[in-house]
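# Predicted structure and sequence below. I'll ask about it afterward.
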Amino acid sequence: MSKKDSNSYDILKEAAIVREQQQGPVDPIVEARNMISQSILTNVLLALSDCGFYEYLREKGRFKVSEAAKALDADETTMEHLMNYLTGCGAFEVQGDEFIPTEKGQRYFNAYTRGVLNIYPGAYKRVLTDLTDILAKKRPLDDPYFDRSTRHAAAGTAYATCAFTIPKVLDTLQNHGVECVLDLGCGTGDFLMQLLRLNPEISGVGVDMSKEALSQANGNSKNFELENRLSFYQAEVGAEDLPLSAEEVEKVDFITAMYMLHEFGRDGRDAIIKVIKSLQAQFKGKNLLAIEVEDFDAFNPGGAPLKHFGRLDYRLIHYLSRQGLPRTQDDWHGIFKESGCKIIEPGVRAGGSFIYIAQL
């Protein structure tokens, strides 16, 4: 069949195929409807995340639509329809004119769910919704139109890692007696603030390219009364020496790079080595803690059946967004050694990620 005729097919035959598939163990009608419902649900929850509803719900616990819409400056009619939809999905129950989250709803409105919503349909909305144009070669992948939303990506990473991954990093740092941490690609500073709030004797420095993110980071540090132990700088990692004073460079004993080093891999493996060497030149002898997602072989996953396709999603989105792809443990070990580093920790598992420590 030619491309021109690709929308022409035997509708009678197609209908018969559907009926035949319904005799199998999984009803394709139910599967398709659930697929669409999940897609709609993710967009509803992301919109609520963006408008501040998560914080509002955490504060109030139960609410009236009219009051929530007013507090969030949201369209009341639209919010009413969204709440009715979520109630039908089992996320809320209604008592009088108040909505109360169910146990299922509480899972929808937790930090991890919010994190993956921000990372995928939030940060990569355009590349996901316009895949047809990419596949049809109407738009190239390197079109700036497809650039991710850094705001969503930073927030999503903070939310998705705060319950499981970051606690592992915090434990690792505490076990090494850290006193001052430099966080590369710090975003809004969430990781450093968790670290400093749990450890009154530790100080921190954050570096990020985003002026917007750093503005929020400075505001958050004041809210938690951490401004005397925490400082932020706008800079691009790897381009040149980071804009820290000689005193700050001396004080730093650990540098953290969480889900960041692989991004330089978009320009090849040597680009990652170059960045690590540039850090080594400025922070010789300091420890570098990197956390990276474990590589995933889609053709030979092995082991028990997958509970979800998280690492598969991660790999695809990194290809589509022109970022460096995840790498194996052996590959990271080779990168650290070729950069002239001494491997201190070859890999502590943290969910689908590994925590590495190398001495620069």
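That came in fine, so what should we check first?

# Give me the buried positions along stretch 41-55.
41-42, 44-49, 51, 53-54 (16 or more other C-beta atoms under 10 Å). Heads up, the C-betas are built off the backbone N, CA and C, glycines and all.

# Just the strands from the stretch 1-150 of the chain, written as ranges.
Along the stretch 1-150 of the chain, counting by DSSP state E, counting those that start in this stretch, strands occupy 92-95, 98-101.

# Can you list the strands that the first one pairs with?
It stands for strand 92-95. strand 98-101 (antiparallel) (DSSP bridges).

# Please list the outside residues in contact with the partner strand.
Strand 98-101 is touched from outside by 57, 61-65, 83, 87, 91-94, 108-109, with contacts defined as C-beta atoms under 8 Å, 6 or more residues apart in numbering.

# So what pairs up with V181 in the strands?
G204, F254.

# and the longest strand for the chain?
Determined from DSSP state E, the single longest strand within the chain is strand 342-350.

# List the strands paired with that strand, with their directions.
Partners of strand 342-350 in its sheet, by DSSP bridges: strand 353-359 (antiparallel).

# So which of the contacts of strand 98-101 belong to helices?
Judged by DSSP state H, the contacts of strand 98-101 include 57, 65, 83, 87, 108 as members of helices.

# Give me the buried entries from these.
Listed as buried from the ones in helices among the contacts of strand 98-101 are 57, 65, 83, 87, 108; burial here means 16+ other C-beta under 10 Å.

# out of the residues you listed, who's nearest A246?
Each of these was scored against A246 by C-beta to C-beta, and L57 proved nearest at 47.0 Å.

# closest to L289 among the buried ones among the ones in helices among the contacts of strand 98-101?
Using C-beta to C-beta, Y108 comes nearest to L289 of these, at 32.5 Å.

# count of neighbours near the residue nearest to the closest one when sequence neighbours are not counted?
Distances taken as C-beta to C-beta, 6 or more residues apart in numbering place A91 nearest to Y108, at 5.2 Å, with adjacent residues excluded. Neighbourhood size, A91 [other C-beta atoms under 10 Å]: 22.

# next one: A155
Neighbour count of A155, defined by other C-beta under 10 Å: 25.

# Helix or strand: which one has it?
In this structure, A155 sits in helix 150-161 according to DSSP states H and E.

# Can you get me the centre-to-centre distance for that helix and its chain?
5 Å (C-alpha atoms, centre = their mean, to the nearest Å).

# With stretch 124-137 instead?
The answer for stretch 124-137 is 20 Å, by C-alpha atoms, centre = their mean.

# same thing with stretch 274-285?
Relative to its parent chain, stretch 274-285 has a centroid offset of 26 Å by C-alpha atoms, centre = their mean.

# for the ones in helices among the contacts of strand 98-101, which one is nearest D190?
For the ones in helices among the contacts of strand 98-101, the closest approach to D190 (C-beta to C-beta) belongs to L57, at 19.7 Å.

# Quick one: residues contacting the residue lying closest to that closest one once chain neighbours are set aside.
Nearest non-adjacent residue to L57, counting by C-beta to C-beta, 6+ apart: F109, 5.7 Å away. Taking C-beta under 8 Å, 6+ apart, we find F109 in contact with 45, 54, 57-58, 91, 101.

# so L192 touches L184, yeah?
No - at 11.1 Å, L192 does not count as touching L184 under the criterion of C-beta atoms under 8 Å.

# higher neighbour count, the two?
More crowded of L192 and L184, by other C-beta under 10 Å: L192, with 28 against 22.

# Disregarding residues adjacent in the polypeptide, which is nearest to the more buried one?
Take L192 and drop its neighbours on the chain: the residue closest to it by C-beta to C-beta, 6+ apart is G204, 4.1 Å away.

# isn't the one you found right next to R229, touching?
Yes - when contacts are counted by C-beta under 8 Å, G204 is listed as touching R229 (6.8 Å).

# more neighbours, the two?
When neighbours are counted by other C-beta under 10 Å, G204 and R229 differ, and G204 comes out ahead with 26 against 17.

# returning to what we had before: for the ones in helices among the contacts of strand 98-101, could you give me JSON lines that also reports distance to Q323?
As requested, the ones in helices among the contacts of strand 98-101 are exported to JSON lines (distance: C-beta to C-beta, whole Å):
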{"residue": "L57", "distance to Q323": "32"}
{"residue": "V65", "distance to Q323": "40"}
{"residue": "M83", "distance to Q323": "36"}
{"residue": "T87", "distance to Q323": "38"}
{"residue": "Y108", "distance to Q323": "28"}
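
# who touches stretch 220-235?
Stretch 220-235 is contacted from outside by 186, 188-190, 192-193, 196-197, 202-211, 214, 217-218, 242-244, 248, using C-beta under 8 Å, 6+ apart.

# List just the nearest of the contacts of strand 98-101 to F146.
Proximity of the contacts of strand 98-101 to F146 (C-beta to C-beta) peaks at Y108, which lies at 28.1 Å.

# Can you give me the buried ones in the host helix or strand of N218?
Per DSSP H and E: N218 is located in helix 211-223. Buried residues in helix 211-223, counted by 16+ other C-beta under 10 Å: 213-214, 216-218, 220-221.

# could you give the angle of it to helix 150-161?
Here the directions of helix 211-223 and helix 150-161 differ by 50 degrees (axes from the mean of the first three to the mean of the last three C-alpha atoms, to 10 degrees).

# quick thing: my sequence starts at 11, can you match it?
Let's use 11 as the start, then, which means that last one is helix 221-233.

# so who does L151 touch?
For L151, the contacting residues are 137, 144, 330, 332, by C-beta under 8 Å, 6+ apart.
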